[in-house]
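# with the sequence up front, the predicted model follows.
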Amino acid sequence: MNENSNFWALNSNVFAGTSGSAGGDLSGTYPNPTISTSATPTVAAITVTGTATVGTLAAVTGAAGVVGTATINGTTGVTVNTTAVTASSIILVSYNTPKGGVSGIISAPVASISAGVHFVIKSTDAGDTTSTVNWFIVN
């Protein structure tokens, strides 16, 4: 046995992979665990050079939600309660099920944000009271 074969034997054991049950915020088994549906969401930065493929993107909903739907109430607007909104949040809105005919322009104006409490989605069409919209907060 020469020096190179000993080195390979050592390294092949190191890189053989991990097996067994995953824990913490992971579920399933190694070498391919998944993120548990009960995982605690955290804020993290991901830097990608090149192409990244995401199979499933889970976003927080509910009282601390960053994504959801709402039925707008024309120019009066609808209040969306969420603790996730900040004074510098960017709120993206799009029609999910627009009312029949021409719908107004929808927006969540920065002036409508109450940091840590809520924001308001409005339409430019006072008759736009049955449209369902999607919203997504970027912080």
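Sure thing, it's come through.
# spatially central residue for this structure, please.
A59 (3.3 Å; C-alpha atoms, centre = their mean).
# can you check the pLDDT for T40?
Here the pLDDT value assigned to T40 is 62.
# just T18 next, same as before
66.
# list the contacts for the residue nearest to the centre of the chain?
65-67, 136 (C-beta atoms under 8 Å, 6 or more residues apart in numbering). From N, CA and C alone the C-beta is placed, and that goes for glycine too.
# can you list contacts of stretch 76-93?
Stretch 76-93 is contacted by residues 60, 63-66, 68, 70-72, 106-108, 112-123, 133-139 when judged by C-beta under 8 Å, 6+ apart.
# buried residues, that stretch. List them.
By neighbour count on 16 or more other C-beta atoms under 10 Å, the buried set for stretch 76-93 is 77-78, 80, 82, 84-85, 89, 91, 93.
# next: stretch 24-38.
For stretch 24-38, burial by neighbour count (16+ other C-beta under 10 Å) applies to P33.
# with stretch 47-67 instead?
For stretch 47-67, burial by neighbour count (16+ other C-beta under 10 Å) applies to 65-67.
# how about these in JSON lines, adding secondary structure, distance to T49 and pLDDT?
Output for the buried residues of stretch 47-67, formatted as JSON lines (DSSP: H, G, I helix; E, B strand; the rest coil; distance: C-beta to C-beta, whole Å; pLDDT from 0 to 100):
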{"residue": "G65", "secondary structure": "coil", "distance to T49": "31", "pLDDT": "89"}
{"residue": "V66", "secondary structure": "coil", "distance to T49": "26", "pLDDT": "91"}
{"residue": "V67", "secondary structure": "strand", "distance to T49": "27", "pLDDT": "93"}
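# right, I'll leave it there.
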